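> What would the 3D arrangement of this be:
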Amino acid sequence: MPRPFQDASGPAGGASASFISKPARGWLHPDQLINKEGITYAVRYIGCLEVNTSMKSLDFDTRSQVAKECINRVCEAAGLKTADKRRKVEKRVTRAIGDQPLMDFAGANVNLSISSMGLVLTALESGRVIARHEMPRISFASGGDTDTLDFVAYVAKDMRDWRACFVLECGGGLAQDVITSIGQAFELRFQQFFSPNPT
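The predicted model follows:
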């Protein structure tokens, strides 16, 4: 199951040095590639849900639950899964997220570009940038539950400090690779921030 990782790097992050454990076989991509042009995955943008609470104020388990509940709600709004009336959601999770997912561009095929600078979602058909988040403004990312294994969510603030959880469908078993690549980008950004000789 995809393992979530912790807080963002950079000046605003204040995070620990490791966001996701480096896989035993090593990172998927050369550091140089993630540092420079980045890596791109073809995924599907599903939608986003506002997050009302700073992820830094929540413990790791609650952050994970927030991301997974956002995946559930956005997928339900998109008709990708049936609403589960029996699903128990803790009050602290419900309080942390907005009521209504934003479904602009729902179902759009996008290129997700991951680099140590940040994440960019670009619609394949129009070339329009749907979302752009600098790495210090990304606070958490996670895979889905057992019934949403193909989904990845990340929580980020835009330039107006509006915070939301963005949900992506990563078919064909790509979800784990996407999570690992974001983790690598986080770690590289962290290293750059604390390096005495930034490259």
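
> what stretches of this protein score poorly on pLDDT?
Judged by pLDDT under 70, the chain has its weakly predicted residues at 1-21, 196-199.

> Tell me where it has helices.
Here the chain has its helices, by DSSP state H, at 31-35, 60-77, 91-96, 175-194.

> Compare those helices and give me the one nearest I130.
I130 sits nearest to helix 60-77 of all the helices of the chain, at 14.0 Å, using C-beta to C-beta. All C-beta spots, glycine's among them, are computed from the backbone N, C-alpha and C.

> chain center to the closest one, what's the gap?
11 Å (C-alpha atoms, centre = their mean, to the nearest Å).

> ok, and what's touching that helix?
Contact with helix 60-77 is made by 4, 6, 46-49, 51, 53, 55, 58, 81-84, 87, 89-90, 92-94, 96-97, 100-101, 103, 106, 140-142, 144-145, 148, 151, 153-155, 165, 167, as judged by C-beta atoms under 8 Å, 6 or more residues apart in numbering.

> Just the buried residues from the residues you listed, in ChimeraX please.
To isolate the buried ones among those in ChimeraX, judged by 16 or more other C-beta atoms under 10 Å, type:
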select :4,6,46,47,48,49,51,53,55,58,81,93,96,97,101,106,140,141,142,144,145,148,151,153,154,155,165,167
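
> Narrow the contacts of helix 60-77 to those in strands?
Per DSSP state E, strands hold the following members of these: 46-49, 140-142, 151, 153-155, 165, 167.

> Turn those into CSV, columns for distance to G173.
Below are these laid out as CSV (distance: C-beta to C-beta, whole Å):
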residue, distance to G173
I46, 17
G47, 22
C48, 24
L49, 25
F140, 22
A141, 17
S142, 17
F151, 12
A153, 17
Y154, 19
V155, 23
C165, 22
V167, 18
